[in-house]
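Peer 1: Next comes the sequence, and after it the predicted model I'd like to discuss.
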Amino acid sequence: MLEIKNLHARIAEDGTEILRGIDLVVKPGEVHAIMGPNGSGKSTLSYILAGKDDYEVTEGDIVYNGQSLLELAPDERAAAGVFLAFQYPIEIPGVATMTFLKTALNAQRKARGEEELSTPEFMKRVKDKAGELQITMDMLKRPLNVGFSGGEKKRAEILQMALLQPTLCVLDETDSGLDIDALKVVSDGVNRLRGPDRSFVVITHYQRLLDHIVPDVVHVLSKGRIVKTGGPDLALELEKNGYADFIDAAA
Ligand code: ADP
Ligand code: MG
Ligand code: MG
């Protein structure tokens, strides 16, 4: 279970406060959507969950399965089962996607005291899951994200997620830059991973992703605070009326 308690955070470089007291509880198996206007702090929240050092937590805590994530390095968070899919996936020139995936999976296994996967075993796992995401072997030979289309980047992220089998998945704007077909492939990939032991925090500006990945709970983030929480209907309401009402409420 994820519990975010009174989380305040600022930009390390200039001290600007971005998150101003966030409270959130996500139980196993639940999918929570975080919606909000541009600049409300959605990506900042995902970076802080990942442990990016551009940000400082000044108050509050993030507890996952009884342990404070703030005390863990990014790789330790990954070993603890946390996976972040970023709005802007990083390019890794010179490293084939396949090699990157194998390294990531074996690093996780090592951190958990498990043996490395043999190459044939790894290949089998990749092929099965890549096929489901319409990822070709040719794409897996290319350097990670270099020259990938928006859709290819997002599908590569979901492939990584499917291989690592995290228990907490945070997806930041997974729908951005996707046409409707790619959105369907990516959403189906996420939905296949839904289960009683895995939670999702789906961050999105637009409602359309939530037509495909139907959340249990929807939160509206505005100016670094959750200003409204509701069911899936809240997302539909936002699509109809926009964020203006909530921005005023957070002022
Ligand atoms: P969202 O994802 O909701 O669009 P962000 O979390 O990206 O919002 O940004 C929230 C606010 O914090 C914005 O005003 C953004 O310009 C600012 N911000 C976030 N990260 C940084 C940073 N590293 N340096 C300077 N400003 C930042
Ligand atoms: Mg933004
Ligand atoms: Mg963002």
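Peer 2: Structure's in. What do you need? In this text, all values refer to a predicted model and were calculated from it rather than measured experimentally. Ligands and ions are numbered 1, 2, ... in the order given.

Peer 1: what does the stretch 51-200 of the chain have sitting close to ligand 1?
Peer 2: Residues of the stretch 51-200 of the chain lying close to ligand 1 (CB under 6 Å from any ligand atom) are D54. Just so you know, the C-beta spots here come from the backbone N, C-alpha and C atoms, and that holds for glycine as well.

Peer 1: Excluding covalently adjacent residues, which one is nearest to G36?
Peer 2: Ranked by CB to CB, 6 or more residues apart in numbering and with sequence neighbours excluded, the top spatial neighbour of G36 is L221, at 3.6 Å.

Peer 1: Could you pull up the mean pLDDT of the helix or strand hosting that neighbour?
Peer 2: Here L221, judged by DSSP states H and E, is contained in strand 217-222. Taken as a whole, strand 217-222 has a mean pLDDT of 96.

Peer 1: Report the distance from that strand to the chain centre.
Peer 2: When C-alpha coordinates are averaged (CA atoms, centre = their mean, to the nearest Å), strand 217-222 and its chain have centres 15 Å apart.

Peer 1: returning to what we had before: list the contacts for the residue nearest to G36?
Peer 2: I22, I34, M35, G36, S40, G41, K42, L45, V227 (CB atoms under 8 Å, 6 or more residues apart in numbering).

Peer 1: Also within reach of ligand 1: list those from those residues.
Peer 2: Okay, of those touching ligand 1 (CB under 6 Å from any ligand atom), that's G36, S40, G41, K42.

Peer 1: Most widely separated two among the residues you listed?
Peer 2: Largest separation among the ones next to ligand 1 among the contacts of L221 by CB to CB: G36 and G41, giving 7.5 Å.

Peer 1: Quick check: pLDDT value at whichever residue of the chain sits closest to ligand 3.
Peer 2: Using CB to the ion, the closest approach of the chain to ligand 3 is made by S43 at 3.1 Å. Listed pLDDT for S43 reads 95.
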